[in-house]
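Trainee: Let's see this in three dimensions:
(2 chains)
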Amino acid sequence: GEDVEQSLFLSVREGDSSVINCTYTDSSSTYLYWYKQEPGAGLQLLTYIFSNMDMKQDQRLTVLLNKKDKHLSLRIADTQTGDSAIYFCAESNGVTGGGNKLTFGTGTQLKVEL
Amino acid sequence: EAQVTQNPRYLITVTGKKLTVTCSQNMNHEYMSWYRQDPGLGLRQIYYSMNVEVTDKGDVPEGYKVSRKEKRNFPLILESPSPNQTSLYFCASSFSRDTSYNEQFFGPGTRLTVL
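Mentor: Numbers count the residues shown, from 1 in each chain, chains lettered A, B, ... in the order given. Take a look at the predicted model:
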């Protein structure tokens, strides 16, 4: 089945850039997503990228997709303390589980230090 | 306000005592899904529903039931909860269009502890 992997922790200083990485195995992934989970809250969609794109930028967020290596990354520029959260990578292939099923990574806990 | 609501938000119960976690969405979404979140495992799908009266198993369905009698509601039922079902549960919903991106909206989560 599909598998999505992420490192568990990342610590950065405020103002630096953060890069969170993700690898996936499903070669038929259609969309890849980044979700943010703040403490005690649900998941909030940050951004997504269609599989025929290799980059997407949205304000401080840059998503890079290397489809050949099945590698996805999220770069947060000028990281702020409010960016401290768990970040989940997820993918869907438009077929599995009724087409809308998301397969999630383990999540990366981002800690921003002053 | 477009949203997915879950109740209760927190629940502590004992082994074997049947419980239901409700999920409701006001966006007229066809697709609804339940996930559980466990440390180091991310979110795993329990059950999903493509539309009213259409439900199917996800990756970890054992010990759970669902129903979809109305479009807006998708309750998760634990007939005989066990301690290994202690987890954080999320309900999600989205449209179900074949050819376009369907953003999933998540509820706030239900933290369940089974003693």
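Trainee: what about the nearest residue to B:Met27 once chain neighbours are set aside, which SS state?
Mentor: With sequence-adjacent residues excluded and distances taken as CB to CB, 6 or more residues apart in numbering or on different chains, B:Met27 is closest to B:Ala2, at 5.0 Å. (Glycine included, C-beta is placed from N, CA and C.) Under the three-state scheme (DSSP: H, G, I helix; E, B strand; the rest coil), B:Ala2 adopts coil.
Trainee: Return the residues in contact with B:Ala2.
Mentor: Counting by CB atoms under 8 Å, 6 or more residues apart in numbering or on different chains, B:Ala2 makes contact with B:26-27, B:105.
Trainee: Filter the residues you listed down to the buried ones, ChimeraX style.
Mentor: Applying 16 or more other CB atoms under 10 Å in any protein chain shown to these, the buried members can be selected in ChimeraX as follows:
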select /B:105
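Trainee: and the contacts of B:Ala2 as JSON lines, adding secondary structure and pLDDT?
Mentor: Formatted as JSON lines, these follow (DSSP: H, G, I helix; E, B strand; the rest coil; pLDDT from 0 to 100):
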{"residue": "B:Asn26", "secondary structure": "coil", "pLDDT": "96"}
{"residue": "B:Met27", "secondary structure": "coil", "pLDDT": "95"}
{"residue": "B:Phe105", "secondary structure": "strand", "pLDDT": "92"}
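Trainee: which one among the contacts of B:Ala2 gets closest to chain A?
Mentor: Among the contacts of B:Ala2, B:Phe105 lies closest to chain A (CB to the nearest CB), at 8.1 Å.
Trainee: Contact partners for the nearest residue to B:Lys57 once chain neighbours are set aside?
Mentor: Spatially, and ignoring its direct neighbours in sequence, B:Lys57 is nearest to B:Tyr47 (6.1 Å; CB to CB, 6+ apart). If you count contacts by CB under 8 Å, 6+ apart, B:Tyr47 has them with B:33-34, B:55-58, B:61, B:64-66, B:76.
Trainee: So which of the residues you listed sit within strands?
Mentor: When the contacts of B:Tyr47 are checked against strands (DSSP state E), the matches are B:33-34, B:55-57, B:65-66, B:76.
Trainee: tell me which parts of chain A are close to chain B?
Mentor: Proximity of chain A to chain B (CB under 8 Å from any CB of the partner chain) is limited to residues A:1, A:4, A:8, A:31, A:35, A:41-45, A:48, A:50, A:88, A:90, A:94, A:97-102, A:104-107.
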